[in-house]
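1. Predicted model and sequence below, questions to follow.
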Amino acid sequence: MNRGNKLWESHRMILPEHRARMLESEITPYVVPMLHEDVQEMIEYRVQEAMVRRQPLKLVVGESDGEHTVEGRVVSYRTETRSLQIHNEWGRFQIPIQNIVRVL
């Protein structure tokens, strides 16, 4: 008797709180907050310091689907695109500096 996945299909459910959160995230996209000049300068200073000292850095990056944490070493800064190149165990990433929300 092979029923496939029918036994587990009937037991799936979503809690009302989770459903509301899923619907809310579909309706309202995340908007990267505008940071004050002082905060932007502090972020740029900490990034530059980590780049010179070759220390790993943990960044909170705002994207269209929410905030994400990225950790790695800053390899380079590209002035023409105003983006950082971060290297970690998953590879190299380009992160626009205006999307950085904070440095941890």
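-> Alright, I've got the coordinates. Numbering: from 1, shown residues only.

2. isn't P96 right up against S83?
-> Yes: applying Cβ atoms under 8 Å, one finds P96 in contact with S83, separated by 4.8 Å. Just so you know, the C-beta spots here come from the backbone N, C-alpha and C atoms, and that holds for glycine as well.

3. what is in contact with the two at once?
-> Residues touching both P96 and S83 by Cβ atoms under 8 Å, 6 or more residues apart in numbering: none at all.

4. Tell me how far I43 lies from I97.
-> Using Cβ to Cβ, to the nearest Å, I43 is found at 8 Å from I97.

5. Other residues contacting stretch 50-58?
-> If you take Cβ under 8 Å, 6+ apart as the criterion, stretch 50-58 is touched by 46-47, 49, 69-74, 76-77, 86, 88, 103-104.

6. just the helices in this structure please.
-> Applying DSSP state H to the chain gives helices spanning 6-9, 16-27, 37-53.

7. neighbours around A50, how many?
-> Neighbour count of A50, defined by other Cβ atoms under 10 Å: 19.

8. which among the contacts of stretch 50-58 end up buried?
-> Those of the contacts of stretch 50-58 that meet the buried threshold are 46-47, 70, 72, 74, 86, 103, by 16 or more other Cβ atoms under 10 Å.

9. Show me which of those residues is closest to S64.
-> If you rank these by distance to S64 using Cβ to Cβ, V70 comes first, at 15.4 Å.

10. In this structure that closest one contacts V61, no?
-> Yes: at 5.5 Å, V70 counts as touching V61 under the criterion of Cβ under 8 Å.

11. so what sits against both of these two?
-> With Cβ under 8 Å, 6+ apart as the test, V70 and V61 both reach I95.

12. Skipping adjacent residues, who's closest to the residue positioned nearest the centre of the chain in space?
-> With the centre of the chain defined as its mean C-alpha position, the nearest residue by Cα atoms, centre = their mean is H68, 2.1 Å away. Spatial nearest neighbour of H68, chain neighbours left out: V61 (5.3 Å); criterion: Cβ to Cβ, 6 or more residues apart in numbering.

13. All set, thanks.
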